[in-house]
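A.B. asks: pasting the structure only:
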Ligand code: PMP
(Lines give C-alpha, C1' and ligand atoms only; values in the text may rest on other atoms or scores of the structure.)
Protein backbone atom coordinates (compact mmCIF):
# COMPACT_ATOMS: atom_id res chain seq x y z
CA UNK A 1 0.00 0.00 0.00
CA UNK A 2 2.93 2.30 0.84
CA UNK A 3 4.19 1.69 -2.64
CA UNK A 4 0.97 2.72 -4.38
CA UNK A 5 0.80 5.93 -2.34
CA UNK A 6 4.37 6.61 -3.29
CA UNK A 7 3.56 6.14 -6.95
CA UNK A 8 0.63 8.53 -6.75
CA UNK A 9 2.92 11.10 -5.17
CA UNK A 10 5.48 10.66 -7.94
CA UNK A 11 2.84 11.10 -10.62
CA UNK A 12 1.60 14.26 -8.93
CA UNK A 13 5.18 15.52 -8.72
CA UNK A 14 5.69 14.87 -12.44
CA UNK A 15 2.58 16.82 -13.21
CA UNK A 16 3.65 19.68 -11.01
CA UNK A 17 7.15 19.83 -12.52
CA UNK A 18 6.67 18.84 -16.17
CA UNK A 19 3.30 20.45 -16.71
CA UNK A 20 0.22 19.19 -18.49
CA UNK A 21 1.59 18.10 -21.91
CA UNK A 22 3.27 14.87 -20.81
CA UNK A 23 1.53 11.48 -20.89
CA UNK A 24 2.34 8.17 -19.23
CA UNK A 25 1.70 4.74 -20.69
CA UNK A 26 -0.75 2.34 -19.01
CA UNK A 27 -3.62 2.64 -16.56
CA UNK A 28 -1.03 1.65 -13.97
CA UNK A 29 2.19 3.43 -15.09
CA UNK A 30 5.50 1.58 -14.91
CA UNK A 31 8.32 3.00 -12.79
CA UNK A 32 11.63 1.80 -14.21
CA UNK A 33 15.08 2.19 -12.75
CA UNK A 34 17.41 0.27 -15.06
CA UNK A 35 17.45 -1.94 -18.15
CA UNK A 36 19.49 -4.62 -19.84
CA UNK A 37 18.94 -6.41 -23.15
CA UNK A 38 15.19 -6.93 -23.61
CA UNK A 39 14.43 -6.31 -19.93
CA UNK A 40 13.34 -3.21 -18.11
CA UNK A 41 13.56 -3.42 -14.32
CA UNK A 42 11.05 -1.78 -12.05
CA UNK A 43 11.80 -0.13 -8.74
CA UNK A 44 10.19 -3.16 -7.15
CA UNK A 45 12.96 -5.30 -8.70
CA UNK A 46 10.53 -6.91 -11.15
CA UNK A 47 11.66 -7.61 -14.74
CA UNK A 48 9.45 -6.35 -17.56
CA UNK A 49 9.80 -7.89 -21.02
CA UNK A 50 10.30 -5.00 -23.42
CA UNK A 51 8.36 -5.72 -26.61
CA UNK A 52 7.98 -2.06 -27.51
CA UNK A 53 11.19 -0.05 -27.53
CA UNK A 54 12.85 0.09 -30.93
CA UNK A 55 15.14 2.87 -29.69
CA UNK A 56 17.11 0.36 -27.63
CA UNK A 57 17.61 -1.41 -30.94
CA UNK A 58 20.55 -3.64 -30.07
CA UNK A 59 19.33 -4.14 -26.51
CA UNK A 60 19.22 -1.81 -23.53
CA UNK A 61 22.64 -0.76 -22.27
CA UNK A 62 24.62 -2.85 -24.72
CA UNK A 63 28.15 -3.04 -23.23
CA UNK A 64 29.89 -2.48 -26.58
CA UNK A 65 27.87 0.68 -27.18
CA UNK A 66 28.27 1.95 -23.63
CA UNK A 67 32.04 1.37 -23.78
CA UNK A 68 32.33 3.25 -27.07
CA UNK A 69 30.32 6.13 -25.64
CA UNK A 70 32.40 6.33 -22.47
CA UNK A 71 35.71 6.03 -24.33
CA UNK A 72 34.88 8.80 -26.78
CA UNK A 73 33.35 11.04 -24.11
CA UNK A 74 36.63 10.81 -22.20
CA UNK A 75 38.68 11.57 -25.33
CA UNK A 76 36.96 14.33 -27.30
CA UNK A 77 33.48 15.70 -27.81
CA UNK A 78 32.95 18.80 -29.91
CA UNK A 79 31.05 20.12 -32.93
CA UNK A 80 31.51 19.68 -36.66
CA UNK A 81 33.48 22.86 -37.35
CA UNK A 82 36.76 21.13 -36.63
CA UNK A 83 38.15 18.25 -38.63
CA UNK A 84 37.44 14.99 -36.83
CA UNK A 85 37.80 11.43 -38.12
CA UNK A 86 34.86 9.69 -36.50
CA UNK A 87 32.18 11.50 -38.48
CA UNK A 88 33.84 10.56 -41.77
CA UNK A 89 34.34 6.92 -40.84
CA UNK A 90 30.74 6.70 -39.67
CA UNK A 91 29.35 8.52 -42.71
CA UNK A 92 31.20 6.14 -45.03
CA UNK A 93 30.01 3.06 -43.19
CA UNK A 94 26.40 4.20 -42.98
CA UNK A 95 26.21 5.36 -46.59
CA UNK A 96 27.60 1.98 -47.67
CA UNK A 97 24.32 0.45 -46.42
CA UNK A 98 22.31 2.64 -48.84
CA UNK A 99 21.83 2.58 -52.61
CA UNK A 100 24.87 4.10 -54.33
CA UNK A 101 22.91 7.16 -55.52
CA UNK A 102 22.55 8.29 -51.90
CA UNK A 103 26.03 9.49 -51.08
CA UNK A 104 25.70 12.50 -48.79
CA UNK A 105 24.68 12.47 -45.15
CA UNK A 106 23.98 15.26 -42.66
CA UNK A 107 23.67 14.71 -38.93
CA UNK A 108 21.06 15.92 -36.46
CA UNK A 109 20.01 14.95 -32.94
CA UNK A 110 16.38 13.98 -33.49
CA UNK A 111 14.20 12.48 -36.18
CA UNK A 112 12.18 15.68 -36.19
CA UNK A 113 15.23 17.73 -37.10
CA UNK A 114 16.13 15.23 -39.81
CA UNK A 115 12.64 15.49 -41.33
CA UNK A 116 12.68 19.27 -41.04
CA UNK A 117 16.02 19.35 -42.85
CA UNK A 118 14.71 16.96 -45.53
CA UNK A 119 11.78 19.28 -46.16
CA UNK A 120 14.06 22.30 -46.48
CA UNK A 121 16.21 20.37 -48.94
CA UNK A 122 13.18 19.15 -50.90
CA UNK A 123 11.78 22.66 -51.14
CA UNK A 124 15.11 24.06 -52.32
CA UNK A 125 15.61 21.26 -54.85
CA UNK A 126 12.12 21.33 -56.35
CA UNK A 127 10.96 24.92 -55.89
CA UNK A 128 7.74 23.38 -54.59
CA UNK A 129 6.06 23.62 -51.20
CA UNK A 130 3.46 20.84 -51.30
CA UNK A 131 3.89 17.79 -49.07
CA UNK A 132 1.88 14.56 -49.11
CA UNK A 133 1.57 12.46 -45.93
CA UNK A 134 -0.66 9.61 -44.78
CA UNK A 135 -3.81 10.09 -42.73
CA UNK A 136 -2.46 9.02 -39.35
CA UNK A 137 1.18 9.89 -39.90
CA UNK A 138 3.58 11.15 -37.27
CA UNK A 139 6.74 12.88 -38.50
CA UNK A 140 7.88 15.03 -35.64
CA UNK A 141 7.57 17.50 -32.86
CA UNK A 142 8.29 20.89 -34.48
CA UNK A 143 5.62 23.37 -35.54
CA UNK A 144 6.26 22.50 -39.20
CA UNK A 145 6.14 18.72 -38.69
CA UNK A 146 3.13 18.89 -36.40
CA UNK A 147 1.34 20.24 -39.50
CA UNK A 148 2.32 17.01 -41.28
CA UNK A 149 1.42 14.71 -38.40
CA UNK A 150 -2.36 14.11 -38.52
CA UNK A 151 -1.99 11.50 -35.75
CA UNK A 152 -1.67 14.43 -33.33
CA UNK A 153 -5.37 15.12 -33.87
CA UNK A 154 -7.31 18.38 -34.07
CA UNK A 155 -4.81 20.26 -31.88
CA UNK A 156 -2.35 20.12 -34.81
CA UNK A 157 -4.24 21.07 -37.99
CA UNK A 158 -2.69 19.96 -41.25
CA UNK A 159 -0.77 22.79 -42.96
CA UNK A 160 -2.17 24.67 -45.99
CA UNK A 161 0.29 23.08 -48.43
CA UNK A 162 -0.05 19.59 -46.93
CA UNK A 163 -2.30 16.93 -48.44
CA UNK A 164 -3.34 13.80 -46.58
CA UNK A 165 -3.91 10.44 -48.25
CA UNK A 166 -5.26 7.15 -46.92
CA UNK A 167 -2.57 4.74 -45.77
CA UNK A 168 -2.25 1.57 -47.84
CA UNK A 169 -4.06 -0.67 -45.39
CA UNK A 170 -2.79 -4.09 -46.28
CA UNK A 171 -5.14 -4.85 -49.19
CA UNK A 172 -3.76 -6.80 -52.17
CA UNK A 173 -4.08 -3.80 -54.50
CA UNK A 174 -2.55 -1.41 -51.96
CA UNK A 175 -0.13 -0.07 -54.58
CA UNK A 176 -2.91 1.03 -56.94
CA UNK A 177 -5.07 2.40 -54.12
CA UNK A 178 -2.22 4.38 -52.62
CA UNK A 179 -1.15 5.71 -56.03
CA UNK A 180 -4.73 6.86 -56.69
CA UNK A 181 -4.76 8.80 -53.43
CA UNK A 182 -1.41 10.40 -54.21
CA UNK A 183 -2.56 11.25 -57.73
CA UNK A 184 -5.66 13.00 -56.33
CA UNK A 185 -3.49 14.91 -53.86
CA UNK A 186 -1.22 16.11 -56.66
CA UNK A 187 -4.25 17.18 -58.73
CA UNK A 188 -5.68 19.03 -55.75
CA UNK A 189 -2.38 20.85 -55.20
CA UNK A 190 -2.44 21.94 -58.85
CA UNK A 191 -5.93 23.38 -58.42
CA UNK A 192 -4.60 25.48 -55.52
CA UNK A 193 -1.43 26.54 -57.34
CA UNK A 194 0.80 24.43 -55.09
CA UNK A 195 3.82 22.67 -56.58
CA UNK A 196 4.74 19.36 -54.93
CA UNK A 197 7.96 19.25 -52.95
CA UNK A 198 7.72 15.78 -51.45
CA UNK A 199 5.92 12.61 -50.58
CA UNK A 200 6.92 11.99 -46.95
CA UNK A 201 6.14 8.52 -45.59
CA UNK A 202 7.23 6.18 -42.84
CA UNK A 203 8.02 3.07 -44.88
CA UNK A 204 6.47 0.74 -42.26
CA UNK A 205 3.49 3.09 -41.61
CA UNK A 206 3.91 2.65 -37.87
CA UNK A 207 1.39 5.22 -36.63
CA UNK A 208 -1.08 4.35 -39.39
CA UNK A 209 -1.27 0.80 -38.04
CA UNK A 210 1.86 -1.03 -39.38
CA UNK A 211 1.44 -1.67 -43.10
CA UNK A 212 4.24 -3.66 -44.66
CA UNK A 213 2.65 -5.73 -47.43
CA UNK A 214 2.54 -6.38 -50.25
CA UNK A 215 6.20 -5.39 -50.49
CA UNK A 216 6.63 -2.94 -53.36
CA UNK A 217 3.31 -1.14 -52.91
CA UNK A 218 5.00 2.24 -52.49
CA UNK A 219 6.63 2.26 -55.91
CA UNK A 220 3.74 3.48 -58.13
CA UNK A 221 3.00 6.46 -55.84
CA UNK A 222 6.67 7.44 -55.74
CA UNK A 223 6.79 7.41 -59.51
CA UNK A 224 3.79 9.76 -59.68
CA UNK A 225 5.32 12.21 -57.23
CA UNK A 226 8.57 12.32 -59.15
CA UNK A 227 6.72 12.89 -62.42
CA UNK A 228 4.99 15.84 -60.76
CA UNK A 229 8.39 17.28 -59.76
CA UNK A 230 8.44 16.20 -56.11
CA UNK A 231 10.91 14.08 -54.15
CA UNK A 232 10.36 10.91 -52.17
CA UNK A 233 11.44 11.23 -48.54
CA UNK A 234 11.66 7.84 -46.83
CA UNK A 235 11.18 8.37 -43.10
CA UNK A 236 13.18 5.44 -41.70
CA UNK A 237 12.95 6.60 -38.09
CA UNK A 238 10.77 3.57 -37.28
CA UNK A 239 11.77 0.74 -39.66
CA UNK A 240 15.44 1.63 -40.16
CA UNK A 241 18.56 -0.18 -38.96
CA UNK A 242 17.41 -3.68 -39.82
CA UNK A 243 14.15 -3.98 -37.93
CA UNK A 244 12.15 -5.28 -40.90
CA UNK A 245 14.59 -8.17 -41.25
CA UNK A 246 15.04 -7.40 -44.96
CA UNK A 247 18.22 -5.35 -45.09
CA UNK A 248 18.93 -2.16 -43.21
CA UNK A 249 16.11 0.01 -44.56
CA UNK A 250 12.35 -0.23 -44.88
CA UNK A 251 12.36 1.26 -48.38
CA UNK A 252 14.39 -1.72 -49.65
CA UNK A 253 11.32 -3.95 -49.29
CA UNK A 254 9.62 -1.67 -51.79
CA UNK A 255 12.42 -1.94 -54.34
CA UNK A 256 12.95 1.83 -54.16
CA UNK A 257 15.83 4.25 -54.00
CA UNK A 258 14.51 7.31 -52.16
CA UNK A 259 15.62 10.85 -52.88
CA UNK A 260 16.07 11.64 -49.20
CA UNK A 261 16.22 9.29 -46.23
CA UNK A 262 15.68 10.30 -42.62
CA UNK A 263 16.64 8.15 -39.64
CA UNK A 264 16.87 8.41 -35.87
CA UNK A 265 15.48 6.42 -32.95
CA UNK A 266 17.42 3.10 -33.18
CA UNK A 267 20.54 4.75 -34.60
CA UNK A 268 22.24 5.24 -31.21
CA UNK A 269 20.62 2.52 -29.08
CA UNK A 270 19.15 5.29 -26.92
CA UNK A 271 21.76 7.99 -27.46
CA UNK A 272 20.03 10.91 -29.20
CA UNK A 273 21.27 10.96 -32.76
CA UNK A 274 19.63 11.19 -36.18
CA UNK A 275 20.47 11.99 -39.77
CA UNK A 276 19.29 12.81 -43.25
CA UNK A 277 20.93 11.15 -46.25
CA UNK A 278 20.39 12.15 -49.84
CA UNK A 279 21.55 12.46 -53.40
CA UNK A 280 24.18 15.15 -54.01
CA UNK A 281 22.16 16.68 -56.86
CA UNK A 282 19.30 17.36 -54.47
CA UNK A 283 21.55 18.89 -51.84
CA UNK A 284 23.11 21.25 -54.38
CA UNK A 285 20.55 24.06 -54.31
CA UNK A 286 20.19 23.89 -50.52
CA UNK A 287 23.95 23.79 -49.86
CA UNK A 288 24.62 26.74 -52.17
CA UNK A 289 22.48 29.05 -50.07
CA UNK A 290 22.43 27.59 -46.60
CA UNK A 291 25.16 27.42 -43.99
CA UNK A 292 24.20 24.31 -42.01
CA UNK A 293 25.33 23.98 -38.44
CA UNK A 294 23.85 21.69 -35.84
CA UNK A 295 25.56 22.18 -32.48
CA UNK A 296 25.34 18.58 -31.33
CA UNK A 297 24.55 16.71 -34.54
CA UNK A 298 27.41 14.50 -35.70
CA UNK A 299 29.54 15.08 -32.61
CA UNK A 300 32.35 12.58 -31.98
CA UNK A 301 30.54 10.79 -29.15
CA UNK A 302 27.41 10.28 -31.27
CA UNK A 303 29.48 9.00 -34.16
CA UNK A 304 31.34 6.55 -31.91
CA UNK A 305 28.01 5.32 -30.54
CA UNK A 306 26.59 4.99 -34.06
CA UNK A 307 29.61 2.97 -35.14
CA UNK A 308 29.26 0.68 -32.14
CA UNK A 309 25.58 0.09 -32.95
CA UNK A 310 26.53 -0.94 -36.49
CA UNK A 311 29.22 -3.24 -35.03
CA UNK A 312 26.62 -4.98 -32.89
CA UNK A 313 24.05 -5.31 -35.70
CA UNK A 314 26.73 -7.05 -37.77
CA UNK A 315 28.50 -9.08 -35.08
CA UNK A 316 25.28 -10.42 -33.57
CA UNK A 317 23.51 -10.97 -36.89
CA UNK A 318 20.58 -8.87 -35.76
CA UNK A 319 19.00 -8.37 -39.18
CA UNK A 320 18.77 -12.14 -39.63
CA UNK A 321 17.50 -12.39 -36.06
CA UNK A 322 14.78 -9.82 -36.79
CA UNK A 323 13.81 -11.82 -39.86
CA UNK A 324 13.78 -15.25 -38.18
CA UNK A 325 12.37 -14.38 -34.78
CA UNK A 326 9.97 -11.89 -36.36
CA UNK A 327 8.61 -14.52 -38.77
CA UNK A 328 8.14 -17.05 -35.94
CA UNK A 329 6.50 -14.38 -33.78
CA UNK A 330 4.12 -13.49 -36.62
CA UNK A 331 3.20 -17.15 -37.15
CA UNK A 332 2.39 -17.54 -33.45
CA UNK A 333 0.19 -14.45 -33.51
CA UNK A 334 -1.56 -15.65 -36.68
CA UNK A 335 -2.21 -19.05 -35.12
CA UNK A 336 -3.70 -17.37 -32.06
CA UNK A 337 -5.80 -15.05 -34.24
CA UNK A 338 -7.18 -18.04 -36.15
CA UNK A 339 -8.64 -19.36 -32.88
CA UNK A 340 -9.64 -16.12 -31.19
CA UNK A 341 -12.11 -13.78 -32.88
CA UNK A 342 -10.86 -10.84 -30.83
CA UNK A 343 -7.66 -10.83 -32.86
CA UNK A 344 -8.03 -9.67 -36.46
CA UNK A 345 -5.36 -9.08 -39.07
CA UNK A 346 -1.73 -9.64 -38.13
CA UNK A 347 0.69 -7.47 -40.13
CA UNK A 348 4.31 -6.49 -40.22
CA UNK A 349 7.84 -7.33 -41.25
CA UNK A 350 10.66 -8.64 -39.11
CA UNK A 351 10.37 -7.47 -35.53
CA UNK A 352 7.76 -4.82 -36.31
CA UNK A 353 4.31 -6.33 -35.87
CA UNK A 354 0.78 -5.01 -35.68
CA UNK A 355 -2.28 -6.98 -34.57
CA UNK A 356 -5.78 -5.60 -35.04
CA UNK A 357 -8.16 -6.02 -32.12
CA UNK A 358 -11.83 -6.24 -33.08
CA UNK A 359 -15.26 -6.70 -31.53
CA UNK A 360 -17.76 -9.49 -32.26
CA UNK A 361 -18.73 -7.77 -35.53
CA UNK A 362 -15.11 -7.48 -36.61
CA UNK A 363 -15.01 -3.69 -36.21
CA UNK A 364 -11.99 -1.97 -34.63
CA UNK A 365 -12.13 -2.14 -30.85
CA UNK A 366 -9.74 0.36 -29.26
CA UNK A 367 -11.15 -0.26 -25.78
CA UNK A 368 -10.37 -3.95 -26.02
CA UNK A 369 -6.92 -3.17 -27.46
CA UNK A 370 -6.23 -0.91 -24.47
CA UNK A 371 -7.43 -3.67 -22.13
CA UNK A 372 -4.94 -6.08 -23.73
CA UNK A 373 -2.10 -3.54 -23.52
CA UNK A 374 -2.90 -2.96 -19.84
CA UNK A 375 -3.42 -6.67 -19.17
CA UNK A 376 0.00 -7.43 -20.60
CA UNK A 377 1.51 -4.66 -18.51
CA UNK A 378 0.03 -6.26 -15.37
CA UNK A 379 1.79 -9.43 -16.52
CA UNK A 380 5.00 -7.42 -17.01
CA UNK A 381 5.10 -7.40 -20.79
CA UNK A 382 5.30 -3.99 -22.41
CA UNK A 383 3.66 -3.05 -25.72
CA UNK A 384 1.37 -0.25 -26.94
CA UNK A 385 -1.44 0.32 -29.45
CA UNK A 386 -1.43 2.32 -32.68
CA UNK A 387 -3.38 3.14 -35.83
CA UNK A 388 -6.12 5.54 -36.84
CA UNK A 389 -8.66 3.73 -34.67
CA UNK A 390 -6.14 2.95 -31.90
CA UNK A 391 -7.01 -0.73 -32.18
CA UNK A 392 -3.76 -2.23 -33.47
CA UNK A 393 -1.32 -3.70 -31.00
CA UNK A 394 2.16 -2.33 -31.73
CA UNK A 395 4.87 -4.93 -31.07
CA UNK A 396 8.38 -3.67 -31.72
CA UNK A 397 10.96 -5.13 -29.34
CA UNK A 398 14.72 -4.59 -29.25
CA UNK A 399 16.23 -6.56 -32.13
CA UNK A 400 17.93 -9.01 -29.75
CA UNK A 401 14.49 -10.50 -29.00
CA UNK A 402 14.77 -14.32 -28.91
CA UNK A 403 12.45 -17.26 -29.62
CA UNK A 404 12.33 -17.75 -25.85
CA UNK A 405 11.12 -14.15 -25.45
CA UNK A 406 8.44 -14.83 -28.07
CA UNK A 407 7.26 -17.90 -26.13
CA UNK A 408 7.02 -15.88 -22.92
CA UNK A 409 5.17 -13.10 -24.76
CA UNK A 410 2.65 -15.56 -26.21
CA UNK A 411 2.04 -17.18 -22.80
CA UNK A 412 1.35 -13.83 -21.22
CA UNK A 413 -0.84 -12.73 -24.15
CA UNK A 414 -2.93 -15.90 -23.89
CA UNK A 415 -3.25 -15.39 -20.15
CA UNK A 416 -4.29 -11.79 -20.73
CA UNK A 417 -6.94 -12.81 -23.27
CA UNK A 418 -8.25 -15.50 -20.93
CA UNK A 419 -8.60 -12.91 -18.18
CA UNK A 420 -10.53 -10.30 -20.17
N1 LIG B 1 9.25 10.11 -37.83
C2 LIG B 1 8.64 9.04 -37.33
C3 LIG B 1 8.05 8.03 -38.26
C4 LIG B 1 8.57 8.86 -35.94
O5 LIG B 1 7.97 7.78 -35.43
C6 LIG B 1 9.15 9.84 -35.08
C7 LIG B 1 9.12 9.69 -33.58
N8 LIG B 1 8.08 8.98 -33.03
C9 LIG B 1 9.75 10.95 -35.67
C10 LIG B 1 9.81 11.03 -37.04
C11 LIG B 1 10.35 12.04 -34.84
O12 LIG B 1 11.51 11.63 -34.21
P13 LIG B 1 12.02 12.35 -32.88
O14 LIG B 1 11.06 12.04 -31.78
O15 LIG B 1 13.38 11.79 -32.67
O16 LIG B 1 12.08 13.82 -33.17
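C.D. replies: The structure has been received and is ready for your questions. In this text the structure is predicted, and so the values were computed from the model without any measurement.

A.B. asks: what sits closest to the most centrally placed residue in the chain if chain neighbours are left out?
C.D. replies: Taking CA atoms, centre = their mean as the criterion, residue 238 is the residue nearest the geometric centre of the chain, at 1.7 Å. On the basis of CB to CB, 6 or more residues apart in numbering, the spatially nearest residue to residue 238 that is not a chain neighbour turns out to be residue 206, at 4.2 Å. (C-beta placed from N, C-alpha, C; glycine too.)

A.B. asks: how near is the closest residue to the ligand within the stretch 101-250 of the chain to residue 145?
C.D. replies: For the stretch 101-250 of the chain, the nearest residue to the ligand under the criterion CB to the nearest ligand atom is residue 111, separated by 2.5 Å. The span separating residue 111 from residue 145 equals 9 Å under the rule CB to CB, to the nearest Å.

A.B. asks: more crowded one of these two?
C.D. replies: residue 111 (29 against 24; other CB atoms under 10 Å).

A.B. asks: what's near enough to touch the more buried one?
C.D. replies: With contact set as CB atoms under 8 Å, 6 or more residues apart in numbering, residue 111 has these partners: 139, 140, 235, 237, 262, 263, 264, 265, 274.

A.B. asks: looks to me like the residue nearest to residue 238 is in a helix.
C.D. replies: No. Secondary structure of residue 206 (DSSP: H, G, I helix; E, B strand; the rest coil): coil, not part of a helix.

A.B. asks: quick one, domains of this protein?
C.D. replies: The record, using automatic domain parsing to delimit domains, assigns the chain the ranges 2-58+317-419, 63-315.

A.B. asks: about what we covered before: what does the residue nearest to the centre of the chain show for phi and psi?
C.D. replies: Backbone geometry at residue 238, expressed as degrees, to the nearest 10, gives phi -90, psi -50.

A.B. asks: circling back: which non-adjacent residue is nearest the residue of the stretch 101-250 of the chain closest to the ligand?
C.D. replies: Among residues not flanking residue 111 along the chain, residue 264 sits closest, at 3.2 Å (CB to CB, 6+ apart).

A.B. asks: show me the contacts for that neighbour.
C.D. replies: By CB under 8 Å, 6+ apart, the neighbours of residue 264 are 108, 110, 111, 114, 237, 273, 274, 275.

A.B. asks: hmm, which of those residues are the buried ones?
C.D. replies: When neighbours are counted using 16 or more other CB atoms under 10 Å, those contain these buried positions: 108, 110, 111, 114, 237, 273, 274, 275.

A.B. asks: inside helices: which ones of the residues you listed?
C.D. replies: Counting by DSSP state H, the buried ones among the contacts of residue 264 place 111, 114 in helices.

A.B. asks: closest to residue 377 among the buried ones among the contacts of residue 264?
C.D. replies: residue 237 (24.7 Å; CB to CB).

A.B. asks: quick check: that closest one touching residue 113?
C.D. replies: No. If you go by CB atoms under 8 Å, residue 237 and residue 113 don't touch, sitting 11.0 Å apart.
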